[in-house]
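Student: What would the 3D arrangement of this be:
(3 chains)
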Amino acid sequence: MKGYRKYFQNKLIWLLVTFVFAFILNFTLPRLMPGDPVSAIVSRLARGMSNSTGMKAVYEQYTALFGTNKPIIEQFFLYVGNVLQGNFGTSFSQYPRTVADILSNAIWWTIGLQFPAIIVGWLIGNTLGALAAYLKKGFDKVLMPVSIFVSNFPAFGMAIVLLVVFGVGLKWFPTSGGYGFDLMPSFTLSFMWSVIVHYQLPFWSIVLIAIGGQAIGMRSMAIYELNADYVKYARFLGIKDRKIVMYVFRNAMLPQITGLALSIGTMVGGALVAEIIFSYPGLGTTLLSAVTGQDFPLISATTMIVTIMVLVANFAIELVYGFIDPRIKAAQMD
Amino acid sequence: MAYVMLELKELTTKYITRFHEDVYAVDHVSLKVEEGKSLGIAGESGCGKSTLALSLMGYYFAPLHYTSGEIIIDGKNISGMKPDDIRKTILGTEIAYIPQAAMNALNPTQKIISFINDVIQAHDPATSKKDCYDLARSVFENVGLPAEVLQKYPVELSGGMKQRTVIATSVILSPKVLIADEPSSALDVTTQKVVIKMLRDLMEKGIVKSMIFITHELPLLYNVTDDIMVMYAGQIVESGTAQQTVFDPLHPYSKGLMGSIIVPEAGLRDHKLTAIPGVPPNLKKPPAGCRFADRCKYVIPECKTNSVGLHVLEDDKRAYRCILPEEELRRYYKNA
Amino acid sequence: MKNTLRQVFQSGKFLVGFCIFVALLLIVFLYPIFIPDPPLAILGQGTFFPPGIYVSTFDSINSQTIYTLNLPDAAARRIDTRLNDQQRQDIKDWLVLDGIPADQIDITNTAQLLDLWGKNYDPNKDIPGLTNAKRNYYQRLSVSLQGLLLTAGQIIALPNATTGALEQTGAVNQSDYVNIGQVANVRVLPLGTDNFGRDVLTELVRAAGVSLEIGFVAGIIATLIGLSLGLLGGYVGGFLDDIIMFITNLFLVIPAFVLLILISFSIGQESRGAFTIAVVIGFTSWVWTARAVRSQVISLRNRDHVNLSKLSGHSITHIIVSDILPYIASYVVMALILQISSGILAEAGLSILGLGPRTTEMPTLGLMMNWAMIYQAQILGKWWAYFPVLLTIALITFSMNLMNTGLDQLFNPALRD
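Tutor: Modelled structure (predicted):
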C-alpha cells in the first residue's frame, strides 16, 4: 500500500500543477489576442448592438469583479479568487442570470450524458476489440473496417445520422432537448420517462464513436499480447487457453486504460459538439449559445469547467490504473 | 543399452503460411535421448531447431502443424493423443520447455507464485494454494533461488534472475525431459555460466532425467551435452557424441560450422560459428537433391539430383547425411 | 526507399485509402476547371431546392420548336405529381369529417374523388377538430388541384399595351414537348441548393478543397512543432528534455479543443480566416507527435550507427538529418496523416460551434455543416444539405486512416494478422 500512496501523491501533485496551468491559460489566452474580451464588450456597447442598461450593468459589474482596469497580475489573482468561489460574473446573453447559475444547470446534463456514455463505449469497444483479436477470421474482417470507419466519423456526424434515422425518420425518439418542452423538471414519472427517452440518441451517438476507437486500440494491443513470449511459454507449461486469454486481455486492457486517460479530452470535445446537434441542455449547447451571443464570461467559464472536468477525469482514471496494474505499486517501492 | 527417455521417429511438422504454402521446417527427424543423458542441437538460425523444440512436445498451434511421425516419451507414444490430454498429462510433467526469450517469458502483471499456481493447477486443479507454495518453495530452494522471488513481479527481477526463475518454473513438476531453447543467448557471459551450471545441476540432482539443449553456438554444446546433432534446412545432417561432432565432423556443413581449425578446449568456448557463404534453401520449394549442395565445397553433379539419406555408421550413434563416403570426406578435410 | 514504397503500395488497406484520397483530390482539382462557377454564388431564391435538373420555364414555353408527342401515360404522371397518395388520403379525411360516408369515397378513382372534392369543399366551412395549419393546407391543396383533369391546352396571354386587357398570344397543348437540349437555360443541381440558395455540389467541392488545405496546413504545423520538440528533447536530453516533457504532458491533459475555442473566440470574427484557423489548430495539436518522436529518438540515440556518427565528429544537424530522421520518417509520416485528418475534424467541430472561418469568403466542410444545422436541414429532411458533407468528411478521414493503418501494419509487423 505504501507504493500506491507514493503513486497517488505524484498524481495529485501533477493534478495541482495542471490546474494552475489551466487557470493561467484560460486567463491569458483571451487577453493576449487582439480582440480581448473587455474591448469586445466595449465595442459592442459602442456599436449600440446591445444598448440596454442591462448590458451596461453587466459591463460595470464585470469590470469591478475582474478588475479589468487594474494591472494584469492583480487581475489574475482576482480571477483566481473569483473562480475558486465559483463566481464567474453575469452572462451577457442571458442577462440577468449569472454564469454560475447557467453552468450549474448545464454541467449535470453533460456529466450525466458523457460519463456513462464514455464508460459504456469503452467497455463495449474493448470487448469487441479483444474478440476480434482472438476470433480473427470473419468477425475481425467485418469489425475492423467498420471500426476504422466509425472511429473516424466525427461525433457530430454520428449524432446527425442517429437523429435523422431514429428521430426524424422512424420517429422512435425525440430530436432535441433533454426532456419534453412542455414539462417542468421535477421528480415525476412522466418527467423521468421523458428524460430517459431524450437521453437515448445523444448517448448512443457518443457510445458508438467511442466503441470504434477503443475496439481498434484493443485489437492491436491484444494481437500484440497474443504473440508475446509469455503466451507461448504458458501454453507449453500446459496452462489452459482460456486462462491464457485472461492474462492477455488483462495485459492488453492496461494500456487501454492509460489510453482512455489521454484521449478523454478529445472524446469530451467531440461529445460536446454532439450535444449541440440534439440541443441537449448541457455544456456543449451552452457553449454554442455563448459563442452566438458573443458572451465572453460564459465562454471563459465553460472552457474552465470543461478543463477541470477533464483533468479530474484524467486523475481518476490514473488512480484506478495504479490500483489495477501491479507494476505501478512495485515500481514505486524502490 | 540405457533406457530411452525420449524418442522421435521420422517426425515431420510444417508451417502453413498466410498465403497457404507449406513449409516443412522439421523433416523426418529421428532421435533418441537416453535417461541421464543430454542432447545438443545446433544449427544456423532458421534451420528448424527451434521448431523441432516446439514440435517434439506434441502440442501444436497455428501456423505450426503436425504432419507425420511418432513421439515416444518414457515409453508412451503421444503423437496420437488429443491436444487437451497432452496439455494435461504431458506438458510440464513429462516434458517441459524453457523458451528462447526468457526476458519476456513471464506474464508481467502476475506474481511468480501466482503463475506457478496456475501451472500446477492446470494439471491438478485440486492442489491447494498452500501446497503449491510449499512445492514452489522447495524447488526454488533446491535450485538455489531465494523463496522471496516467488512474491515478486517479473519487472522486479534482473535479467539473470528472471532466466533462472523461468528455468525453476519449468521444472516445478519434475518433468522427465527438459528442452532448453537457447536459454543463455541473451545473457552476459557470467550469467550464461550460472545458467549453464544450473541446467547441469538439474540433471545431476535428478530433477530432470534427460535434456535437450538447443543453440546456434556449436562450441558451447561441447561443454554441456553428451551428444550433439546438427540440423540444416529442417533435416538432421550429422549426429554423434559431443566429442565426435565437434572434433571430428563428417558432414561438410558441420565441418564448416566448426571452421577449419580445431582449437583446444580452452579456446573453444569463444569460438563462435564462422559464416559459411550462401544462404539455406527456400523450404517452400526444397531442392530435389542435397539441401546443402549449393553451398558445399565438395559438391558433385549427383548431389543436385539424388536425394540423400542418413548414413548410419557402425556404432549406431554416429550418422551423417552426405552422398560421399566417410573416407573420401576425411581425405578432403585432411587436404584442406 | 524504392523498396519501401513498393511495399507500401502492396498493402491492401493503404492502397484502398490512397485511391479514395487521390480520387477526392482529383475531384477537388478538376471540378472547378469544368464548372468554374463561384462556389458561394446564390442561385436560388429560397432555401433547400431539392436535387434535380432545373429547366427554365420561360425558355421552354418560348422554345422555337414545339414537338407533339402522344405519350399514353402523360396524363397519369401529371396527376401523380400533383396528387399523391397522402394527399388523396387527406382529401378523404376532410370529406369524412365533412360528413360523407367513408365507404362512398374511393381514393383510387381520381375523377370521382376530385368530383366529390369540387362539390363539397368550401374553405369557409367550419370543420371541427381542424387546426389552423391544416385548414391552410387544404386551401393550398384545393388551389393546386384546379384544372388537374383538364385535357385542353393552357392559354398564354399578354396584356395589351394600350388597353391593358389580356390577349391570347399562344396556347400550350398537353401534348407539347420541347427538347431539353434546345432550351437555353438548363441547370443541373445534382445536390440541390442549400439554405442560401447556393449550388451544394459546387460549394461542397470547394469546401472539401478548403478543408483539405486547412488540414494540411494544420497537420504540417503540428508535425513540424512536434518533430522539432521531440528531436530536441529526445536527442539533447537533460534539462531541455525535462522542460519539453513538462510542457508536452501539460498540453496532453489540458484538452486541445478548449484552447482552440478560447483562441478562436478571442481572435474575433473579423480576423478569422481559413488560414488563421488552420494555424491555430496546428498550434494546439502537436502534442502526440512530440511524444512519439521523442520516445523514438531516445531509443535511437544510443544505437551503434549514431554513436559512430558522433565519434566521426559529425555535427548535430548532420546526425539528426542522416542518422535519426530516416529511422523515424515512417512514424512522422503516419503522424502527419493523422494530424491532417484530425485537423479537418477540428475545423468541422469548431465551425459547428460557430467559431469557424469567416463565412463570406469561402465554404469549409464545417461551415456547410454549421449552416445546415442552423437552418435545421436535418429536421426538415433536406438530406442533400448535410449528408454529402458528412460523407465527404467521413471519406477523407476514413481514407487517411486506412492509409495510416496500412503503414502501421507494414512498419509494426506484430500487428499483421
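
Student: What about the residue nearest to A:Ile216 when sequence neighbours are not counted, how many residues nearby?
Tutor: Sequence neighbours aside, A:Ser147 is the residue nearest to A:Ile216 in space, at 5.0 Å (criterion: CB to CB, 6 or more residues apart in numbering or on different chains). Where C-beta positions appear, they are placed from N, C-alpha and C, glycine not excepted. For A:Ser147, the neighbour count with other CB atoms under 10 Å in any protein chain shown is 23.

Student: in the host helix or strand of A:Ser147, what counts as buried?
Tutor: Here A:Ser147, judged by DSSP states H and E, is contained in helix A:137-152. Residues of helix A:137-152 classed as buried: A:Asp140, A:Leu143, A:Met144, A:Ser147, A:Ile148, A:Phe149, A:Val150, A:Ser151, A:Asn152 (neighbour count, 16 or more other CB atoms under 10 Å in any protein chain shown).

Student: thought the residue nearest to A:Ile216 was touching A:Ala215?
Tutor: Yes - with contact defined as CB atoms under 8 Å, A:Ser147 reaches A:Ala215; the gap is 4.5 Å.

Student: Quickly list what's touching both of the two.
Tutor: Residues touching both A:Ser147 and A:Ala215 (CB atoms under 8 Å, 6 or more residues apart in numbering or on different chains): A:Leu128, A:Gly129.

Student: Which secondary structure element of the chain has the lowest mean pLDDT?
Tutor: All of this refers to chain A. Ranked by mean pLDDT, DSSP states H and E, the weakest helix or strand in chain A is helix A:37-46, scoring a mean of 57.

Student: please go with chain B instead
Tutor: None of the helices or strands of chain B scores lower by mean pLDDT, DSSP H and E than helix B:265-268, at a mean of 49.

Student: and B:Lys162, how many residues sit next to it?
Tutor: Neighbours of B:Lys162 using other CB under 10 Å come to 22.

Student: same question, B:Gln151
Tutor: 12.

Student: if we can go back for a sec, tell me what the helix holding A:Ser147 is packed against?
Tutor: helix A:99-135, helix A:189-226, helix C:383-411 (3 or more CB pairs under 8 Å, 6 or more residues apart in numbering or on different chains; DSSP states H and E).

Student: show me where pLDDT drops low in the stretch 1-150 of chain C?
Tutor: C:1 (pLDDT under 70).

Student: show me where it has strands.
Tutor: Under the criterion DSSP state E, counting those that start in this stretch, strands of the stretch 1-150 of chain C are mapped to C:52-55, C:67-68.

Student: do you know which of those strands lies nearest chain A?
Tutor: strand C:52-55 (20.7 Å; CB to the nearest CB).

Student: and the nearest residue in space to B:Asp22 that is not next to it in sequence, helix, strand or coil?
Tutor: What sits nearest to B:Asp22 in space, not counting adjacent residues and going by CB to CB, 6+ apart, is B:Lys14, at 4.8 Å. Secondary structure assignment for B:Lys14 (DSSP: H, G, I helix; E, B strand; the rest coil): strand.

Student: before we move on, back to that, how far off helix A:99-135 does the helix holding A:Ser147 point, in degrees?
Tutor: 160 degrees (axes from the mean of the first three to the mean of the last three CA atoms, to 10 degrees).

Student: got the contact list for helix A:137-152?
Tutor: A:128-129, A:131-133, A:158, A:208-209, A:211-213, A:215-216, A:219, C:341, C:394, C:397-398, C:400-402, C:405, C:417.

Student: PyMOL command to pick out the buried ones of the residues you listed?
Tutor: Here is the PyMOL command that selects the buried residues among the contacts of helix A:137-152 (16+ other CB under 10 Å):
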select buried, (chain A and resi 128+129+131+132+133+158+208+209+211+212+213+215+216+219) or (chain C and resi 341+394+397+398+400+401+402+405)
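
Student: and C:Ile155, that's in a strand?
Tutor: Yes - counting by three-state DSSP, C:Ile155 is part of a strand.

Student: Next, the residue in the stretch 201-350 of chain C that chain B sits nearest to: secondary structure please.
Tutor: Of all residues in the stretch 201-350 of chain C, the one sitting closest to chain B is C:Ser299 (16.4 Å; CB to the nearest CB). Classification of C:Ser299 using three-state DSSP returns helix.

Student: What's the local residue count around it?
Tutor: Count around C:Ser299 with other CB under 10 Å applied: 12.

Student: what about C:Asn185, distance to C:Ser63?
Tutor: C:Asn185 sits 11 Å away from C:Ser63, going by CB to CB, to the nearest Å.
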